[in-house]
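In: Coordinates for the following, if possible.
(chains A and B)
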Protein chains: 2
Amino acid sequence: MSDPSGAYRRTKRTTLKRLPLRGAYDHERVHAILDRGALCQIGYVAGGQPLVLPTVYWRDGGRVYWHGSRKSHALAAMAGAEVCFTVSHLDGLVMARSAFHHSVNYQAVMAFGVARRVDDPPDKRAALQAMFDRLYPGRWARIRQPSEAELAAVTVLYLELDEVSAKARDAPPLDVEEDLAIPVWAGVAPLEVRAGVLQPCRMSVSDAAIPEGLADWTAGGPAPFR
Amino acid sequence: MSDPSGAYRRTKRTTLKRLPLRGAYDHERVHAILDRGALCQIGYVAGGQPLVLPTVYWRDGGRVYWHGSRKSHALAAMAGAEVCFTVSHLDGLVMARSAFHHSVNYQAVMAFGVARRVDDPPDKRAALQAMFDRLYPGRWARIRQPSEAELAAVTVLYLELDEVSAKARDAPPLDVEEDLAIPVWAGVAPLEVRAGVLQPCRMSVSDAAIPEGLADWTAGGPAPFR
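Out: Okay, here's the model as predicted:
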């Protein structure tokens, strides 16, 4: 499933009906979009009602994971249920000469399937460690790791990546020829995510050096994800 | 509904059950979060299946709007149906001394209700103009506005803001006292959205001046939204 040269199977619900050229199904493309992000939005149904959970996720091979409190109603409703896992990045505003051809540049992934809970405590611990390696790199070995009680207080869910599609637009405006002479600026105004100024906690009692994971963090520089 | 001093009614499905202090229901707070963003994720159900549409939105008073092709299956499924409209911003990584108290700073809005289609052509045109005023300010008067056929090719939907909640975390790490002496950097690593370098379209045949809406656009400077 995580063979980078492979592709996810196309099914009725993942095959793009309109604008099929904007779609992609190969592992490399799907994983690259997932690995740009840290925030996903997961659709699920509870009592017939559509619901969306925005939460942090991480990819590990051919799975995406998310977690939360054991008391979370959302996670309880998702475990064993169909979900629609989505990640979407807004990369720029596309400004054309006609209203109709204005657009946005974006990248998105949508994955369908049944969410599963990680029950075994060692597996759960390993999943959380993978989250740290992804979101808070270099910290796992330096922080206080979860106690048994803390581990028990967390629910970890995952979705096996199987029915997955990527969708993207990354292009200049595409006006019809008759409109090209309209005297208005046309092009792309990119939106980029950058690292902000680190805000050390005022409660720190030690002169803790900034650890590995943040050594590259430069305010105004590239962010590790968006 | 858009009285800035007012608040949205709290219902069973909008009242935060866990961490109620992270919730807010007042117009000012909800609108401020909505007005930071341009990309929403809307949950809906089709054939019993949860689905999420990531798309551009804009707020106009007490409504949020989105649009797309008249041929969009997603928009067709949403019109007249229950949706879960969400906007979520990831603002920073919260790094604590314990794994358990790592978190993220974020802002999110969730709104429930039945999506409605804007059918009347003048209303549809007005809604699209409001989208331009919001996303592409200063351009509506300078571009070629939609023809009747183009207007007919677009579906515009909206949700009346009624059952709405905001949820946010904007704080340093909150470790337990026994962990404060652990010698690891702790604090917040902010993620910020910035304006990128404008990319003029190479097909431009006129020396179009950069219009009002982009006069303030400075690469590396603040973005109008995220």
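In: Please count neighbours and contacts with C-alpha atoms only from this point.
Out: Fine.
In: what comes up buried for the biggest helix by length in chain A?
Out: With secondary structure taken from DSSP state H, chain A has its longest helix at helix A:121-135. Using 16 or more other CA atoms under 10 Å in any protein chain shown as the test for burial, helix A:121-135 gives A:124-125, A:127-132, A:134-135.
In: now stretch A:42-49
Out: In stretch A:42-49, counting by 16+ other CA under 10 Å, buried: A:42-45, A:49.
In: For the buried residues of helix A:121-135, give me JSON lines that also has distance to residue A:192 and pLDDT.
Out: Formatted as JSON lines, the buried residues of helix A:121-135 follow (distance: CA to CA, whole Å; pLDDT from 0 to 100):
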{"residue": "A:124", "distance to residue A:192": "33", "pLDDT": "97"}
{"residue": "A:125", "distance to residue A:192": "33", "pLDDT": "98"}
{"residue": "A:127", "distance to residue A:192": "29", "pLDDT": "98"}
{"residue": "A:128", "distance to residue A:192": "28", "pLDDT": "98"}
{"residue": "A:129", "distance to residue A:192": "28", "pLDDT": "98"}
{"residue": "A:130", "distance to residue A:192": "26", "pLDDT": "98"}
{"residue": "A:131", "distance to residue A:192": "23", "pLDDT": "97"}
{"residue": "A:132", "distance to residue A:192": "24", "pLDDT": "96"}
{"residue": "A:134", "distance to residue A:192": "20", "pLDDT": "95"}
{"residue": "A:135", "distance to residue A:192": "19", "pLDDT": "95"}
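In: quick one: least confident helix or strand in chain A?
Out: Least confident helix or strand, chain A: helix A:212-215 with a mean of 77, by mean pLDDT, DSSP states H and E.
In: contacts for that one?
Out: Helix A:212-215 is contacted by residues A:136-139 when judged by CA atoms under 8 Å, 6 or more residues apart in numbering or on different chains.
In: before we move on, back to that, tell me which two in the buried residues of helix A:121-135 are the farthest apart.
Out: The span of the buried residues of helix A:121-135, defined through CA to CA, is set by A:124 and A:135 at 16.3 Å.
In: could I get stretch A:114-127 in CSV with only the CA atoms?
Out: The C-alpha trace of stretch A:114-127 is given here as CSV (Å, rounded to 0.1, in the frame of the first residue of the first chain):
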residue,chain,number,x,y,z
VAL,A,114,-13.9,2.4,8.0
ALA,A,115,-12.0,4.0,10.9
ARG,A,116,-10.3,1.6,13.3
ARG,A,117,-9.2,2.0,16.9
VAL,A,118,-5.7,1.2,18.0
ASP,A,119,-6.4,-0.9,21.1
ASP,A,120,-3.2,-2.6,22.1
PRO,A,121,-1.3,-0.3,24.5
PRO,A,122,2.2,-0.9,22.9
ASP,A,123,0.7,-0.2,19.5
LYS,A,124,-1.0,2.9,20.8
ARG,A,125,2.3,4.1,22.3
ALA,A,126,4.1,3.5,19.0
ALA,A,127,1.4,5.4,17.2
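In: pretty sure residue A:150 contacts residue B:100?
Out: Yes: taking contacts as CA atoms under 8 Å, residue A:150 lies within contact range of residue B:100: 6.6 Å.
In: helices or strands up against whichever strand or helix holds residue A:189?
Out: Using DSSP states H and E, the element containing residue A:189 is strand A:187-195. If you count contacts as 3 or more CA pairs under 8 Å, 6 or more residues apart in numbering or on different chains; DSSP states H and E, strand A:187-195 packs onto strand A:82-95, strand B:187-195, strand B:199-200.
In: Which residue ranges of chain A form strands?
Out: A:23-24, A:39-46, A:49-60, A:63-69, A:82-95, A:103-114, A:116-117, A:154-160, A:163-169, A:187-195, A:199-200 (DSSP state E).
In: wait, doesn't residue A:221 sit right on residue A:192?
Out: No: counting by CA under 8 Å, residue A:192 is not a contact partner of residue A:221; they are 10.2 Å apart.
In: who's more crowded, those two?
Out: residue A:192 (23 against 14; other CA atoms under 10 Å in any protein chain shown).
In: Look up the residues forming beta bridges with that one.
Out: Beta-bridge pairing for residue A:192 (DSSP bridges): residue B:194.
In: Kindly provide the distance from it to residue A:89.
Out: Taking CA to CA, to the nearest Å as the measure, residue A:192 and residue A:89 are separated by 10 Å.
In: got any residues that touch both of those two?
Out: Joint contacts of residue A:192 and residue A:89 (CA under 8 Å, 6+ apart) do not exist.
In: can you count the residues close to residue A:178?
Out: 8.
In: ok, it to residue B:148 distance?
Out: Residue A:178 is 17 Å from residue B:148, by CA to CA.
In: Next: residue A:105.
Out: For residue A:105, the distance to residue B:148 - CA to CA - is 26 Å.
In: now the helices and strands packed on strand A:187-195 as CSV including distance to residue B:162 and mean pLDDT?
Out: Formatted as CSV, the helices and strands packed on strand A:187-195 follow (distance: least, CA to CA, whole Å; pLDDT from 0 to 100):
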stretch, distance to residue B:162, mean pLDDT
strand A:82-95, 25, 98
strand B:187-195, 29, 96
strand B:199-200, 39, 94
